[in-house]
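Asker: this one's sequence-less:
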Ligand SMILES: Nc1ncnc2c1ncn2[C@@H]1O[C@H](COP(=O)(O)OP(=O)(O)OP(=O)(O)O)[C@@H](O)[C@H]1O
């Protein structure tokens, strides 16, 4: 009896990589905002929100609270509250680390030696007036985005198991039906076909109830 070959299709679990970070263009570089934003966009970031704001010394002290007590703290507060800044919420895969890399080392002079293409090398002045800021961890990104965009709701983006659970609940059942149908039909343009199929079979679309037949009184 011939052996029947069975093929198992293993579907990779979908992963979500989008991450948000806060970028600040500091007072010394705010005039170069357009150029810096161009670099940001060319580097694959999406700018989700943008705001030009002039922080008071008190607000600046809160923002940089982790540096309270350091020698440079008073001059950092004076500098960061000396003029308007541009705050930007950036999104892309690995946004926090990638933006920090693009920003370069804290000290502009060192940045010019070791990372000549970094934003600080290009637009900074010294170890304090270094053109830009970037959140350094996931939790500081959340805190800083809330700080500078208090009206925005910063929901943590599900990742890992939470992302798998979310997709299993809200997308996978419909998507798998669509993919099965797609394999049966093998259309010429599978992506457009699938997009149309999903729109047609969206379980969340509002259902229009049949209107009740209202008897006209005789
Ligand atoms: N030794 C220093 N002298 C003067 N200013 C400093 C010094 N070290 C840091 N600063 C200022 O304080 C900011 C915060 O310092 P931090 O050590 O967090 O650097 P960073 O993480 O590279 O910068 P940022 O937090 O602005 O992205 C620096 O960006 C710089 O403007």
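Answerer: Right, received. Where do you want to start? None of these values were measured; they are calculated from a predicted model.
Asker: So what would you say the end-to-end distance of stretch 147-158 is?
Answerer: Its start and end residues considered, stretch 147-158 measures 21 Å (CA to CA, to the nearest Å).
Asker: My error: substitute stretch 116-133 in the last question.
Answerer: End residues of stretch 116-133 are separated by 17 Å (CA to CA).
Asker: what comes up buried for it?
Answerer: 118-124, 128-133 (16 or more other CB atoms under 10 Å). Quick note: C-beta positions are derived from backbone N, CA and C, even for glycine.
Asker: Among those, which one sits closest to residue 161?
Answerer: residue 133 (32.0 Å; CB to CB).
Asker: Isn't the closest one up against residue 27?
Answerer: No: assessed by CB atoms under 8 Å, residue 133 is found out of contact with residue 27, at 11.2 Å.
Asker: thinking again about what came up before, take the buried residues of stretch 116-133 and keep only those in helices.
Answerer: Within these, residues falling in helices by DSSP state H are 119, 120, 121, 122, 123.
Asker: Hmm, residue 129 and the second one touching each other?
Answerer: Just to be clear, that refers to residue 120. No: Residue 120 is not in contact with residue 129 according to CB under 8 Å; the separation is 9.8 Å.
Asker: So for those two, which residues contact both of them?
Answerer: The overlap between the contact sets of residue 120 and residue 129 (CB atoms under 8 Å, 6 or more residues apart in numbering) consists of residue 108.
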